[in-house]
Every structure is written in C-alpha cells, then in structure tokens.
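**Student:** okay, here's the prediction I keep looking at, along with the sequence it came from:
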Amino acid sequence: MKKRFENQVVIITGASRGIGKGIALAFAAEGAHIVLNYASNVTAAEKAKAEIEAYGVRCAIVGGSVGDPDVAKALADTAVREFGRIDVLVNNAGISKDGHLMMLADATWREVLDVNLNGTFYCTRAVLETMIAQGSGSIVNMSSSAGLRGRSGQVPYASTKGAVIGLTKQFARELGPKGIRVNAIAPGFVETDMIDGLLGRPGVRDAFIAATPVGRLGTPEDIATATTFLASEESGYITGHVTMINGGLLM
Ligand code: NAP
C-alpha cells in the first residue's frame, strides 16, 4: 500500500531533538525524504538521521541557525539538489529565553526574534520559488499556547509565538492562490528538553498536569500527528488555521 507521503520531500527545522524530531520520524514512517536542520548539536542530529533512515527513506542534514538567511537558503537548495522538490516545510525551530518586560536585555529580545520569527520568515521565503513552480506545497509553523494568551516572564517568546500566528494568516492569504497552504500549531506543555528545567522545579510538573483536563503532558507524537494531517491532502481545505494541541489547557 502506498504510504501517505511516499517520495515527498519535507524540510523540518530544529529536528534533531524534541518535537521536531518526533515530526521528522512521523513523516519518515509515511515514506517522506527529510531535510533535517539543527543548531549546534551534531551528535543528536546524526542520531536522528539514523532513526529517520531506518524507515527506508533518505535524510540530508543542514546545520546552522534559522535566524541566518543563508542557512534558510541552504535548506531549500539542499532539498532541491538532493531530492528535486519541496512538498512540506515545518518551521519548528524555536528557543525560549525568559525575561520580564522591565528586565529584558535588548540582545535577548533580538535573539529570540531572530530564531522564532525571522527564522520562520526566512525559511518560508526560501522554499517559495520551488513551491510556486510546483503549484503546490504545505507549510506548518510552530506557535505556542503562549502566543495565544501570553505567559508571565516570557516576553520575547510569547511575542514571537503570537507573531507567528499573524505571519501564518498573512502567508496563507498570499499563497493560497498559488496552491500553497500555511497553517500553525499551538502546543501546550510538551515534555522535551525545552521545558525540562521548568518541570524539574518543585511542584511544577504536578501543577501543569493539574491544569490540563486530559491529565498528562503532551508528547512530540501528539504534535506530529497534527502536523502530518495539516501537511497532507486530507486537510486540503484548511489554511490560515491555528490548531491548538494542549489537552484542554486552553479552550
Ligand atoms: P527543544 O527540545 O529545545 O528542541 C529544539 C530543537 O530546535 C533542537 O533540534 C535544536 O537543535 C533546534 N534549534 C534550536 N535553536 C535553533 C536555531 N536557531 N536554528 C535551528 N534549529 C534550532 O524544543 P521543543 O520543545 O522540541 O520545541 C520545538 C518547537 O515547539 C519550538 O518552536 C517551541 O517554541 C515549540 N513549543 C514547544 C513547547 C513545549 O512545551 N516543549 C510548547 C509550545 C511550543 P540543537 O539540538 O542543535 O540544539
């Protein structure tokens, strides 16, 4: 039986660990070739590549920050050179640097903007020439529940994740007529390295679970399931949409 993404080509930023890796494995299991991006952890990236290729697909790695437009261009160029097309872009890479409004260093503000917002813009722009020529493509942007309601102490993070939703809707309007859909996902608390430190603080894990009606933290697989749906033809009439995956944390 033909797999859902057989021979399709999927670029995923920040895919060496956490949610991005879960998404990459889900696409690989469905037959897609993967272009995997990471920031600095080569060992984790090589391990993810081996796990992806165990599904019988190919994986190309492009290291470097998505906040660098040259890295974004290298991602698109690698996909076309190695695999000949780009079907899906998942703008997953993100960083969280906490800071209250009055105490926030300018450098922190700019760093988070560069990765979470500018990176999403650069990578999207980089794939457009190919997707427009194909007349098809699907882009999924990783926002956050923090981008929908704000979160105390997370000024740059929540601001950028809100902006990713604005960007998603704007791009969906501009690109819909060209056959390209753009959607966003806003996860709640997902157990990854990003929130590991937070979960280790006394009482925090229990408090997060207590605030979540389904009674558990999210997993990368929870996010991957929705990402493959939004990338597939099954969601062909969905664009500019924000899918909340949070176990009922926000509703
Ligand atoms: P994570 O565990 O910290 O993993 C981050 C991944 O992104 C790693 O592969 C890392 O590469 C890569 N990365 C970091 N900075 C990068 C950069 N500048 N350029 C390219 N890649 C970069 O994070 P996660 O929890 O999986 O989060 C993934 C996405 O989901 C983020 O956008 C995050 O904001 C969003 N999200 C997460 C949660 C949550 O509870 N975990 C909730 C809502 C939204 P290296 O291995 O090289 O460092």
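**Tutor:** Cool, got the structure.

**Student:** from here on, just use CA atoms for contacts and neighbour counts.
**Tutor:** OK.

**Student:** can you pull the contacts of Met142?
**Tutor:** Taking Cα atoms under 8 Å, 6 or more residues apart in numbering as the criterion, Met142 is in contact with Val90, Asn91, Asn92, Ala93, Lys161, Val164, Ala184, Ile185, Ala186, Pro187.

**Student:** need phi/psi at the second one.
**Tutor:** In terms of degrees, to the nearest 10, the main-chain angles of Asn91 are phi -80, psi 80.

**Student:** the ligand contacts on the stretch 1-150 of the chain?
**Tutor:** The stretch 1-150 of the chain comes close to the ligand at residues 13-20, 37-41, 64-67, 92-95, 115, 142-144, as judged by Cα under 6 Å from any ligand atom.

**Student:** from those, list the buried ones, please.
**Tutor:** Using 16 or more other Cα atoms under 10 Å as the burial test, those include 13-20, 37-39, 64-67, 92-95, 115, 142-144 as buried.

**Student:** if we can go back for a sec, could you dump the contacts of Met142 to a markdown table with pLDDT and secondary structure?
**Tutor:** Formatted as a markdown table, those follow (pLDDT from 0 to 100; DSSP: H, G, I helix; E, B strand; the rest coil):
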| residue | pLDDT | secondary structure |
| --- | --- | --- |
| Val90 | 99 | strand |
| Asn91 | 99 | strand |
| Asn92 | 98 | coil |
| Ala93 | 98 | coil |
| Lys161 | 98 | helix |
| Val164 | 98 | helix |
| Ala184 | 99 | strand |
| Ile185 | 98 | strand |
| Ala186 | 98 | strand |
| Pro187 | 98 | strand |
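
**Student:** in strands only, show me the buried ones among the residues of the stretch 1-150 of the chain next to the ligand.
**Tutor:** Residues of these located in strands (DSSP state E): Asn37, Tyr38, Met142.

**Student:** got those as TSV, with distance to Arg81 columns?
**Tutor:** Listed next are those as TSV, based on distance: Cα to Cα, whole Å:
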residue	distance to Arg81
Asn37	16
Tyr38	19
Met142	26
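
**Student:** distance from the chain centre to the host helix or strand of Asp70, please.
**Tutor:** Using DSSP states H and E, Asp70 sits within helix 69-83. The chain centre lies 17 Å from the centre of helix 69-83; the measure is Cα atoms, centre = their mean, to the nearest Å.
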